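Novice: This is a predicted model, with the sequence first.
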Amino acid sequence: MLETFFSTPFDPSRRLQHQIQERLIEAILAGVWPLHEPLPATRVLAQTLKVSRNTIALVYERLTEDGYLQPISRRGYFINERTIREQLNVRQDAKLKDSLPHPARPFNLDEHVDYRYTVQRNIEKPANWVEFEYPFIYGQPQPDKTSVARWRDCLRLAGTAQHAPKWMSDLFDRDDPMLIDQIIRRILPQRGFRADPDSLLITIGAQNAIFLAAQLFVKPGSRVDMEEPGYADARNIFNSMGADIHTHRIDSNGMRVSDDLKGAKLVYVTPGHQAPTNVTMSLERRVSLIAAAETHDFLIMEDNYEHELNFIGAQRPALKSFDRSGRVIHIGSLSKPLFPGLRLGFIAAHPGIIAELRALRRLMYRHPPSQDQRAFALFLAEGHFDTHIRRQRRQLAQKWKVMFRETEIQLPMCDVTPTTGGSGLWLALPHGVSALELARECSKQGVILEAGGIHFSKEEGSDNYVRLGFGAIEVEKIPQGIAIIAKVLTSLMA
């Protein structure tokens, strides 16, 4: 009876005790064991599963604590009938179900949905990218065992009696004050500005921050200006809200600033490392954009991801550092340079804007998970974040040099956009070569690269660019990976 649930081998990467517990719970809820019979003795089950008797004893004790089992002296462990009845006692009334109209009216999604998000052009990345030998995939870092261990320590510390009371309760619309304080002290000064607590809001990543700000300011017909090429997900957010999108070309100094911005309600820019070209906006352009915002009375949404990853010269001050009138909405990611899956970010803006965003966020999800907020605050306070960034910057700087060297040697037929940092390269392919076809053929040889057409507002004439991310690939594999791309590209040009 129980054998079926233990026929699959245990996963050696997971704790044995947890796996046995999960399978026993599954068996109990499936009703395969009689309620009047005790479960196998710890010695018997241990011999059957070829594990230690202590492991089985610990599992039985934990299941007893959780209410699945009840021990009876000198007889053993029995399934707790009351718990099982409470958990499984959900029954339908057949008569009521039969009283529903027949036949059932089919559901038509088009009759209920005005905007279909599924038809948007989206950035696509293979879920199994880690299986590729040469993952030139953007936005994914290599595992950092040191930071993982220190993050685990901070999570454990956040769960202690000293810190747990700070996150156990619902914060309603507030954020962890320790995290806010650490951002003010540790993050913002490196971006060239300061802020008060009422000028900051924690979000579930930078993407969520963009959506929140767009939800507040963008209405059907609102004019939103963007870079071209630009961040596809931001464009999709604005489109979903009915924005009238105007685009501005990118050059080596970032987005071009001109009187064409007149009439915009919101201008979205990525000045630190432009998405997707990775060029950095010059200081002159930044000042010009701030001046244009004041002259033409528009807001600036500054998506300042990868701010820390500059390899040539000093870090550039954020647009927010030049903001005199409260028109800049500064968006930052806390988790992207650390663990992208953590999903923590922040918005720094005028207190009036933050108050509205806080009220809007409350309607969506109240606040990001407060235990994660406290753990990240501890990670910042103990200096682990700064140490991680220094280590990451050294590693990426080395890869950045190798990438430029190898593309110059092996891909002379491509036009590579110069950058001062970041974690990706933007390449223009020879005329007539399809980036989508190049990506398909390279994937057959273990190489992932990103076709760049998705980052243009129009599909026509945009399938001539690729982005090569180098955060996830080992530096030693870069030359061979570029060699494969060069070989495939040459064959497509023939």
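Specialist: Great, that's in hand. Residues are numbered from 1 along each chain as shown.

Novice: Residue 344 is in contact with residue 209, correct?
Specialist: No - counting by C-beta atoms under 8 Å, residue 344 is not a contact partner of residue 209; they are 10.3 Å apart. C-beta here means a position set from N, CA and C on the backbone, and glycine is covered the same way.

Novice: what is in contact with these two at once?
Specialist: residue 203 (C-beta atoms under 8 Å, 6 or more residues apart in numbering).

Novice: List the buried residues in stretch 469-486.
Specialist: Buried residues in stretch 469-486, defined by neighbour count with 16 or more other C-beta atoms under 10 Å: 469-473, 475, 477-478, 481-486.

Novice: In helices, which of those residues fall?
Specialist: In helices, defined here by DSSP state H, the members of these are 478, 481-486.

Novice: Specify the local secondary structure of the residue of the chain most remote from its centre.
Specialist: Using C-alpha atoms, centre = their mean, the residue of the chain lying farthest from its centre is residue 74. It sits 53.1 Å away. Per DSSP: H, G, I helix; E, B strand; the rest coil, the secondary structure class of residue 74 is coil.

Novice: thinking again about what came up before, wait, which of the buried residues of stretch 469-486 is closest to residue 23?
Specialist: Using C-beta to C-beta, residue 472 is the member of the buried residues of stretch 469-486 that lies nearest residue 23, at 34.0 Å.

Novice: The residue lying closest to residue 472 once chain neighbours are set aside: neighbouring residues, count only.
Specialist: Setting aside the residues directly before and after it, residue 472 is nearest to residue 140 in space (C-beta to C-beta, 6 or more residues apart in numbering), at 4.2 Å. Burial of residue 140 is recorded as 17 neighbouring residues (other C-beta atoms under 10 Å).

Novice: tell me the two of the buried residues of stretch 469-486 that are most distant?
Specialist: The largest separation in those, counting by C-beta to C-beta, is between 471 and 486 at 21.3 Å.

Novice: neighbour count winner among residue 209 and residue 344?
Specialist: For residue 209 and residue 344, the more surrounded residue by other C-beta under 10 Å is residue 209, and the numbers stand at 27 against 24.

Novice: Shouldn't residue 245 be within a helix?
Specialist: No - counting by three-state DSSP, residue 245 is located in no helix; its state is strand.

Novice: Quick check: pLDDT value at the spatially closest residue to it that is not a sequence neighbour.
Specialist: In space, not counting the residues next to it along the chain, residue 245 is nearest to residue 224; the distance is 5.4 Å by C-beta to C-beta, 6+ apart. Predicted confidence (pLDDT) for residue 224: 98.

Novice: Pretty sure residue 224 sits in a strand.
Specialist: Yes - when classified by three-state DSSP, residue 224 is found to be part of a strand.

Novice: roughly how far apart are it and residue 301?
Specialist: Spatial separation of residue 224 from residue 301 under the definition C-beta to C-beta, to the nearest Å is 9 Å.

Novice: Now the common contact residues for the two.
Specialist: Contact criterion C-beta under 8 Å, 6+ apart; residues shared by residue 224 and residue 301: 266-268.

Novice: Any chance of the residues you listed in JSON lines with neighbour count as columns?
Specialist: Converted to JSON lines, the shared contacts of residue 224 and residue 301 look like this (neighbours: other C-beta atoms under 10 Å):
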{"residue": "266", "neighbour count": "23"}
{"residue": "267", "neighbour count": "26"}
{"residue": "268", "neighbour count": "29"}
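
Novice: Go through those residues and say which is closest to residue 359.
Specialist: residue 266 (19.4 Å).

Novice: Good, we can wrap up now.
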